[in-house]
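>>> need a 3D model of the sequence below.
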Amino acid sequence: MHPRPLAATAAIIAILVVACAARPTAPAVNLSPARWPAGDLEQYSRQELAWGQDKPPATGSAGMVVGTTGALAVRSGVEALRQGGTAVDAAITTALAQITLAAGATVSFAGRMTLVHYEAASGETVYLNANWAVPEAEDGNGIAACGVPDGRQVLVHGFMAGIEEAHQRFGRLRFKSLFKPAIYFARQGVEHSPVMKAWIDFRLADITSTPEGRRLFLKPDGSRYAIGETFRQPALSRTLKKLAKNGAAYMHSRGWAGKFVRAVRGIGGRVTEADLKAYEPLWLDPVSFEFDDRTVHGPRDPGLGGAHLRGALGTIDPTELRAAGHYTSSEDALAAMLEATESRHAALRMAGSHSDGVVTVDADGNVAALLHTINTDLWGSTGLFIDGVSVADVGCWAQRGVAEVGPGGRLTTPDNPLIVSRGGVPVAASSAIGSGLYPATLFSLVNLLAYGMTPAEALATPTFDQATFNDDGVIHRVTAGDFSSALLSAVRARGFNIQETSPPANFEGSWVALTIDPETGQRRGAAGKRLNGLALPQ
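Numbers count the residues shown, from 1 in each chain. As a prediction, this is how the structure comes out:
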């Protein structure tokens, strides 16, 4: 054997040894709710049922998790922080549990995700895009309309690949440990709630059209689960254990991936195993822009949320807005807010209204703002569940987008998880979901940044809902009673078309946020009352 190869091999081994020694072994922890302190599981199980109820704001000086839904999921994320995890560990743990608690209705392990992250050690803010990709054999022409099951509506998912990518770069706990709460909730079950029953009522025919769907949502005798009974997902529990062991590869190159492709192609789909294997999350620089004395960081193309928000906020002068008074009482201020909403940058609407948001900060100052979604209307109409994982019909909502980006392209998306900094240091993070996510974010962020409100105060202040865009212009929608009749009449006289609605459920956005005081280190967080999310300190 020649001496040079020997020397080169020895040098490589030495480098690897040093590298391994420099990177500490991920701690082995158990995040299972079975090991939470006495009373916690019961307490947060009750809060899991607290839809439409006021949620207490959170304050603290270490880590914090805020989620749009899933009190149990938020508590799971906090457990990751308490056992030494990073902001990304906590966000992933929360998201995994959110999907399980929703039974794949509004979010899915075969969905997509977006992340904006600040790393305290480097001072760097980055954006991760793990959104839908179009199969190489799909051109978007002739995809069936929503409500008509069609395998061509199924695109290439990115959620699992995205969270694994984020964890590899910013996680500290072992990846498999982050699945413990989700596995527990799938195996042990949760109380069947009135909300879940209503969701199932809405989509019953579709989600029980396949043998697996019937096994999931019906009892062995074919009857429905009653409110208060324990709802379990044994097939999903087994899948999550395999994902915890094998990582995203299980859904992209072996095991589950093959079952997914066969099922989708069995109803006319065009996704292939090669499409799944080729999928890669994209690390990009975020869109960054100034508003008042802060810098807002958000998604960029092919995630348009940051750019659209930049355009909307660019029409607002915060100094003039404050001088005019608050938009809930000032005609000038409300007109300025509605003009911003009407800007072409804010006109993109959500393709499908179901998602989940998570914002986290850890004790070291790392910050994560995450959005994940199924992008369809409660499970979608494919009726497909692959080993407990719901399969969305997102292509029916995004036919135009599929055709525009073409085969193999990455869909553009309107997500807007955000991190706000001052002097390079984060002072706030937010995420928003629902068809009205744009006005919810725009109004709430202005309350936070221009008017100096806390997250809880911003959430308690009325905002507008999703607007309608048609040939006659923009119709602004607002919940009846949120604004005085005199104020709305005055703004209508300026040419704004405003429609009062009740109830607002199909038009609202749900926004969550946390703030960080750079001088005291105090963290504040809040989640809205409409859903069952929560803000919880470490």
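
>>> got the contact list for residue 51?
Residue 51 sits next to 193-195, 530-532 when contact means Cβ atoms under 8 Å, 6 or more residues apart in numbering. The way it works is simple: take the backbone N, C-alpha and C, and place the C-beta from them, glycine included.

>>> one more pass at 6 Å, please.
Contacts for residue 51 (Cβ atoms under 6 Å, 6 or more residues apart in numbering) come out as 195, 532.

>>> sec struct for it, please.
Three-state call for residue 51 (DSSP: H, G, I helix; E, B strand; the rest coil): coil.

>>> and it, backbone torsions?
With angles defined as degrees, to the nearest 10, residue 51 sits at phi -80, psi 140.

>>> buried residues, stretch 103-120. List them.
If you call a residue buried by 16 or more other Cβ atoms under 10 Å, then stretch 103-120 has these buried ones: 103-120.

>>> whoops, stretch 262-271 was the one
Within stretch 262-271, the residues that count as buried by 16+ other Cβ under 10 Å are 263-264, 267, 269-271.

>>> may I have that stretch as PDB, with CA atoms only?
Below are the C-alpha coordinates for stretch 262-271, written out as PDB (Å, rounded to 0.1, in the frame of the first residue of the first chain):
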ATOM      1  CA  ARG A 262     -49.500   3.400  -5.600                       C
ATOM      2  CA  ALA A 263     -52.600   4.700  -4.000                       C
ATOM      3  CA  VAL A 264     -52.400   8.100  -5.700                       C
ATOM      4  CA  ARG A 265     -51.700   6.700  -9.100                       C
ATOM      5  CA  GLY A 266     -54.500   4.200  -8.500                       C
ATOM      6  CA  ILE A 267     -57.000   7.100  -8.800                       C
ATOM      7  CA  GLY A 268     -55.300   8.800 -11.700                       C
ATOM      8  CA  GLY A 269     -52.400  10.700 -10.100                       C
ATOM      9  CA  ARG A 270     -49.100  11.400 -11.700                       C
ATOM     10  CA  VAL A 271     -46.700  11.600  -8.800                       C
END
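
>>> what's it in contact with?
135, 137-138, 150-152, 154, 384, 386.

>>> how about the residue lying closest to residue 209 once chain neighbours are set aside, what does it touch?
Leaving out its chain neighbours, the residue that sits closest to residue 209 by Cβ to Cβ, 6 or more residues apart in numbering is residue 383, at 3.8 Å. By Cβ under 6 Å, 6+ apart, the contact list for residue 383 reads 149, 206, 209-210, 213.

>>> so which of these are in helices?
When the contacts of residue 383 are checked against helices (DSSP state H), the matches are 206, 213.

>>> how about low-confidence regions in the stretch 1-150 of the chain?
1-25, 27 (pLDDT under 70).

>>> what do you get for the stretch 401-538 of the chain?
504-505.

>>> mind listing what residue 496 touches?
Counted by Cβ under 6 Å, 6+ apart, residue 496 has contacts residue 338.

>>> what do you get if the cut-off is 10 Å, keeping everything else the same?
By Cβ atoms under 10 Å, 6 or more residues apart in numbering, the residues touching residue 496 are 334-335, 338-339, 341-342, 473-476, 488, 490.

>>> any chance of a PyMOL selection covering the buried ones in those?
Listed next is the PyMOL selection for buried residues among the contacts of residue 496, using 16+ other Cβ under 10 Å:
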select buried, resi 334+335+338+341+342+474+476+488+490
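
>>> just send the contacts of residue 496 back as a markdown table, with distance to residue 356 and secondary structure too.
Below are these laid out as a markdown table (distance: Cβ to Cβ, whole Å; DSSP: H, G, I helix; E, B strand; the rest coil):
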| residue | distance to residue 356 | secondary structure |
| --- | --- | --- |
| 334 | 30 | helix |
| 335 | 33 | helix |
| 338 | 28 | helix |
| 339 | 31 | helix |
| 341 | 24 | helix |
| 342 | 28 | helix |
| 473 | 32 | strand |
| 474 | 28 | strand |
| 475 | 28 | strand |
| 476 | 26 | strand |
| 488 | 32 | helix |
| 490 | 38 | helix |
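
>>> from the buried residues of stretch 262-271, which land in helices?
Among those, the members found in helices (DSSP H) are 263-264.

>>> quick check, the residue nearest to residue 209 in a helix?
No - assigned with three-state DSSP, residue 383 falls outside any helix and is coil.

>>> surely residue 339 and residue 314 touch.
No - contact criterion Cβ atoms under 10 Å: residue 339 and residue 314 do not qualify, at 11.3 Å.

>>> how close does residue 337 sit to residue 249?
Distance, residue 337 to residue 249, using Cβ to Cβ, to the nearest Å: 47 Å.

>>> ok, now residue 429?
30 Å.

>>> between those two, who's got more neighbours?
Applying other Cβ atoms under 10 Å to residue 429 and residue 249 shows that residue 429 carries more neighbours, namely 32 against 17.

>>> can you pull the contacts of the more buried one?
64, 66, 87, 116-118, 297, 358-361, 367-370, 417-421, 455, 512-516, 525.

>>> which secondary structure state does it sit in?
State at residue 429, reduced to three classes by three-state DSSP: strand.

>>> again with residue 447
Relying on three-state DSSP, one would call residue 447 helix.

>>> next one: phi and psi at the nearest residue to it once chain neighbours are set aside?
Excluding its sequence neighbours, the residue lying closest to residue 447 (Cβ to Cβ, 6+ apart) is residue 458, at 3.9 Å. Dihedral pair for residue 458: phi -60, psi -40, per degrees, to the nearest 10.
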